[in-house]
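Trainee: have a look at this fold, sequence not included:
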């Protein structure tokens, strides 16, 4: 397990002592929620009991209210001989996609059978879990992985798989993954499969997204110069992007995302910029995805 | 206010230089500055009687700067800062001699300026323009433990640097009591910008010490531990000690009880073992239980809060069978005697189910529980539960479960948990259940979270209503401390406030939280709790009202408030359907911060309105055939965040529910009626809907009502002639009258026509047959319209539900009338009715 040391530490202790509480593990995709629940269940129950004493349901299974009332309840009622401090575990992956009705049906089940059965939920947004269930669970949040944590893991994999890479390539991988380990590894695999060598050009070819830093530079130059804006630099950078073949929609959506967190400007100005970007986004979606639109957009931002 | 101008003019250059100094010549000037100010600070404020305004507005700022700069020097030049620091320490030591108390320290702090109630506005503008002096001020203050103990503090207005929550947390952390309203007991008010005028008046009336935020921080730094020796502080300390003692007693008692119980259990189980010898006695290791089970209340006195409701429940349940004898005719002292069932409602985790079970258990009832994990559809309820409800069958039901004799006279009650969790699978369950509530001959306890849901309405009058509230911090504290003591965790009592806030007063959550955290740490102090509270913050989906209140309040947009744009956009995503509507409804009811003039206010409102109208264009792109959902974040910004930012400030009026829904459904209704009239009249009129409304309807209305107004019953014939000429029906007459505006408004016109004439008109109309061009045009539109609203079932709050209901009622009336019409004419025409909608659908 990489990152989130404190949470993982807590899980380790639970694995040692047993008596796992009901848990909700929430966090962004690809940071190891499902993995950690599986590891925990495996450690708690051991090889022999693991198959018998766990019930795993994910979004691919039917999890309507009937399943909760029948399958889950029946599983909770079955008796399995386990060492003290160990419980049957019901793993509900992607619990945020369960209907509220099904979640409602879990409430009392969780309480009544808590001396034999414990629940573990994994979800992306804990707000999608109804409040009564949150109230019954220990909520563990996984934070985004830091870049160096992803890097160390990538280096391990690269070593094990004998991947050729350079440092820019890894940087690009980390950048595009945005703390999502699974995405980073997947991107690395596809880069290796496609080109055999991991450098930034290849990675961006695979990921195919204009570089956010470039967009940031464009926006910064638009806002620089005491409000007058440096349109020439901005357009030069835009030309680069355009000539690389990125489509207008890609550029605009990314600009929107970057503008939301653009540092160093006031909220009001940021919202004004977003307004312009959004309006162009609308036009592009309506079919006017021309170079001229983008030029107009950045020229307009310069005047804000 | 002339001196404001002076003040402002004089202030600006000073500030500019200060800024420069900060950057360039930091070290030297700062040490000088701070030396000066330290002296100034610790001398017990002699200028109290001086001309106030000028003096006091400056003084709170100066110490702030000194404090800040002296902090800065710690990083900058260690040697000089040491000197400065030493001096501060010395001076504080001098004043910190043991016999100091809150009053002494308070006396040295400058009074905050109380804005005049009438003149408060211009003043705050001037001050606001200064901008926050030290943004991003850190809150780590080295104050002594419990230094504010015994003080009661009120925060009011927008504090320049601290979040309100932050400030209150700080005060609580150091042992102060924070209240919301100013009273005689308040010992001190921390005044921010734009304090409410009523509060200012109260401060003046009660002569309470008011200080600024800076002085508050200063106070924290300088108060001695345990709040000095003042009477209040001592009393507070005594109280704390007392509480601790009580806690220990409670813990001991509980442990003793548990031991006794365990011993008893062991005895019985060993007895059983001897007799049956098949099941090896499994010593249930208490550590394997969840804490929520282990420390579940075993006695009603252990339930936190809601004592009154629990007592009510108890007395209701106790006298149930007496009431049953009298046939539920006698309401009793609290009016609960007439109910056969009761409904407990309240948010999760506050002990509703526990209370119900405990009370039932205490009174010797057996409990039959049904909850959301059981199927509870109408048919199943009828087959399973109904048989249980009658007295005789119950005995048989229980006979084979319990061993022998004594059971027969045992009574039992039914607890239906999570009644609002009845979902689509439980078809008709709620209705059946409410029917049971009327006939049951066993006490029936229903439990739900939200009583206001439309589907819970059926229980309104048939059940005794017992709303449970979230327990307050004080009620929770002793329970949590008991648990912590028993688990040998060191828990700082002041932390509990934070936990309470993070979990939204959810006891169960707090216990789970303690259980989890205690695995790794055995002491929970203030620093840990902050992280905990953050990590454990329950992320429930906000209701539209809360979203709107947050977006429109100035606090979230304060640059120091640490709310990123993404946070605000997330607010929108809590409810993407209602947030825009709610903002649109309420954006006029704020008094924006930083407004310089009425014109400026209008400009802001205008820009907000512009954005909202643009957002409608975006919305149409998203929801129309194009389905451009990728524009949703943009819609969030344009419909909610940006307008909210322009008008954010103090919300002056009550936040209203979006009126758009009601208006929209009304508009749809009129469209439908107009369509119908157009269909009927088109043999004569040959215009479209719009033209008909603009050109014909006014004249028609005149023709259709004046004879009745002028001639009374004699005019009826004339009116019917006009109707027949245009192939209009009697309902069309109603809707045409409804369309009138101004002096021809429906209420006005209808009021003037006497009921006698109206009934005569109806009778006469029904007597004869009339030429009819097309039947039932509008009907298919109506059902289609209603079907669309079904999608909103989960989203729509009670207000809209009302709208829907109203609309339905209207539709029903129309349907009924139509049926009457059709029944009365020949059956042959019924077929046209059946084919009518189909034909119409083809057309559209």
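Mentor: Arrived safely. All values reported here derive from a predicted model rather than from experimental measurement.

Trainee: tell me how many other residues surround the closest residue to residue A:248 other than its chain neighbours.
Mentor: In space, and not counting its chain neighbours, residue A:248 is closest to residue A:289: 3.9 Å by C-beta to C-beta, 6 or more residues apart in numbering or on different chains. For glycine as for every other residue, the C-beta is placed from the backbone atoms N, C-alpha and C. Close neighbours of residue A:289, defined as other C-beta atoms under 10 Å in any protein chain shown, add up to 17.

Trainee: surely residue A:289 touches residue A:249?
Mentor: Yes - between residue A:289 and residue A:249 there is a contact at 6.2 Å, judged by C-beta atoms under 8 Å.

Trainee: which residues sit in contact with the residue nearest to residue A:115 when sequence neighbours are not counted?
Mentor: Once flanking residues are discounted, residue A:115 sits nearest to residue B:289: 6.4 Å by C-beta to C-beta, 6+ apart. By C-beta atoms under 8 Å, 6 or more residues apart in numbering or on different chains, residue B:289 lies in contact with A:19, A:114, A:115.

Trainee: just the strands in chain B please.
Mentor: Applying DSSP state E to chain B gives strands spanning B:152-156, B:177-179, B:188-191, B:210-211, B:341-345, B:366-370, B:412-416, B:444-448, B:463-467, B:490-491, B:523-524, B:590-592, B:649-651.

Trainee: ok, now the stretch 101-250 of chain A?
Mentor: A:117-123, A:138-141, A:164-165, A:197-198 (DSSP state E, counting those that start in this stretch).

Trainee: what residues does the stretch 201-304 of chain A put near chain B?
Mentor: Counting by C-beta under 8 Å from any C-beta of the partner chain, the stretch 201-304 of chain A comes close to chain B at A:253, A:256, A:260-261, A:266-268, A:270-271, A:274-275, A:277-279, A:281-282, A:285-286.

Trainee: out of the strands of the stretch 101-250 of chain A, nearest to chain B?
Mentor: Among the strands of the stretch 101-250 of chain A, strand A:138-141 comes nearest to chain B, with 4.0 Å by C-beta to the nearest C-beta.

Trainee: is any residue of that closest one near chain B?
Mentor: Yes - using C-beta under 8 Å from any C-beta, strand A:138-141 reaches chain B at A:138, A:139, A:140, A:141.

Trainee: what's that strand packed up against?
Mentor: Secondary-structure packing of strand A:138-141 (3 or more C-beta pairs under 8 Å, 6 or more residues apart in numbering or on different chains; DSSP states H and E): helix A:5-17, strand A:23-26, helix B:507-517, helix B:526-536.

Trainee: that one pairs with which strands, parallel or anti?
Mentor: With DSSP bridges as the test, strand A:138-141 is paired with strand A:23-26 (parallel).

Trainee: neighbouring contacts of the strand it pairs with?
Mentor: Under C-beta under 8 Å, 6+ apart, the answer for strand A:23-26 is A:33, A:36-37, A:95, A:118-126, A:129, A:133-134, A:137-142.

Trainee: reformat the helices and strands packed on strand A:138-141 as CSV; add mean neighbour count, distance to residue A:103 and mean pLDDT.
Mentor: Output for these, formatted as CSV (neighbours: other C-beta atoms under 10 Å in any protein chain shown; distance: least, C-beta to C-beta, whole Å; pLDDT from 0 to 100):
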stretch, mean neighbour count, distance to residue A:103, mean pLDDT
helix A:5-17, 15, 23, 80
strand A:23-26, 24, 11, 87
helix B:507-517, 23, 16, 81
helix B:526-536, 16, 19, 68
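
Trainee: thinking again about what came up before, comparing the strands of the stretch 101-250 of chain A, which comes out most buried?
Mentor: strand A:117-123 (a mean of 25; mean count of other C-beta atoms under 10 Å in any protein chain shown).

Trainee: so how far is it off the chain centroid?
Mentor: Relative to the centre of its chain, strand A:117-123 is centred 19 Å away, using C-alpha atoms, centre = their mean, to the nearest Å.

Trainee: neighbours of the nearest residue to residue B:297 once chain neighbours are set aside, just the number please.
Mentor: The shortest distance from residue B:297 to any non-neighbouring residue, by C-beta to C-beta, 6+ apart, is to residue B:303 (5.0 Å). Residue B:303 has 24 neighbouring residues, counting by other C-beta under 10 Å.

Trainee: hmm, residue B:354 and residue B:303 touching each other?
Mentor: Yes - counting by C-beta under 8 Å, residue B:303 does reach residue B:354; the two are 6.5 Å apart.
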